[in-house]
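1. could you work out the structure for the sequence below:
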Amino acid sequence: MDKIIDVHFPGGMKVGATMNGHEVITDLPTDEGGENSAPTPFDFFMISLATCAGVYANRFCINHEIPTDGLSIKARCEMADGKPRMERMVLDITLPDGFPEKLRKPLLRTVDQCTVKKNVLEAPEFAMEFTN
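-> Below is the predicted model of the structure:
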């Protein structure tokens with residue numbers, strides 16, 4: 001089944017998107033003509049990668065009946081010099097107290113299965129069409 005995202009333009013440099021009843025607003029920094037009132041689309045891209053890893057880590061803990069108190073991920077996005085391009089993302093995972101040593105590698109393998117990351121590595125085709 002196709003997913004539909006409706007994009008709209010609420011004013012200024014803001015761009016909104018609605019999908020499955022949820023709305024996201026993006027904006028640009030003030031030095032790019034925006035109001036810096038929301039993350040940029042590229043920020044949301046990086047956030048999407050990090051939160052996808054979080055979903056997989058959270059699900060792993062829940063499936064193994066490990067409390068998630070203390071579980072956290074800090075994503076460090078290493079950017080290309082002078083370019084709006086991420087060269088590397090490092091996920092620093094803090095494990096909850098008492099996390100079993102034998103489950104560390106399985107957790108990393110699970111987080112590595114992030115759907116968003118897979119879609120970056122196996123890039124989809126992009127097409128544009130006019131509707132009128």
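2. what's the helix or strand containing residue 77 packed up against?
-> Under the criterion of DSSP states H and E, residue 77 resides in strand 72-79. Strand 72-79 sits against helix 41-63, strand 86-94, with contacts defined as 3 or more C-beta pairs under 8 Å, 6 or more residues apart in numbering; DSSP states H and E. All C-beta spots, glycine's among them, are computed from the backbone N, C-alpha and C.
3. so, low pLDDT: which residues of the protein?
-> Scanning the chain for pLDDT under 70 picks out nothing.
4. ok, the residue most central in space within it - contacts?
-> The residue lying closest to the centre of the chain (C-alpha atoms, centre = their mean) is residue 48, at 1.0 Å. Neighbouring residues of residue 48 by C-beta atoms under 8 Å, 6 or more residues apart in numbering: residue 116.
5. out of the helices and strands packed on strand 72-79, which is the most enclosed?
-> Each of these was scored by mean neighbour count; the highest is helix 41-63, a mean of 16, by mean count of other C-beta atoms under 10 Å.
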